[in-house]
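[1] here is the input, now give the coordinates:
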Amino acid sequence: MTALTKDRNTPRLQGDDRQGLVAASTTIYAGAMLMRNATGYVVQGQTATGLVGIGRAGEQVDNSSGSAGDRTVAYRPGT
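    Model prediction:
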């Protein structure tokens, strides 16, 4: 799977809006599939162990120069 480099309109099936704290040095693009890492912070979907899928990003969030939890991202649960 190729990583996103721009926003994407990803269709959804269900769910209510939620928010999660973004991991350090992370940029999340609108429409990206999201996962929660072992420490509970949100990252973009990727192939890795220890991650749990949580939903689709509703906005772009740039925490590339921040620490874990400095920014939050709105997302819709489900896949």
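[2] what's around G31, how many residues?
    Other residues near G31 come to 18 when the count uses other CB atoms under 10 Å. Every C-beta, even on glycine, is put in place using the N, C-alpha and C of the backbone.
[3] tell me, how many residues neighbour the closest residue to it other than its chain neighbours?
    With CB to CB, 6 or more residues apart in numbering as the criterion, G31 has its nearest non-adjacent residue at 3.4 Å, and that residue is R8. The number of residues packed near R8 is 13, by other CB under 10 Å.
[4] let me see the contact set for R8.
    Residues in contact with R8 (CB atoms under 8 Å, 6 or more residues apart in numbering) are 29-32.
[5] and if you look at N37?
    N37 touches 23, 43, 50-51, counting by CB under 8 Å, 6+ apart.
[6] which of those residues are buried?
    Buried by 16 or more other CB atoms under 10 Å: 23, 43, 51, out of the contacts of N37.
[7] pretty sure the first one is touching V61, no?
    No. With the criterion set as CB atoms under 8 Å, A23 and V61 do not qualify as a contacting pair; they are 10.6 Å apart.
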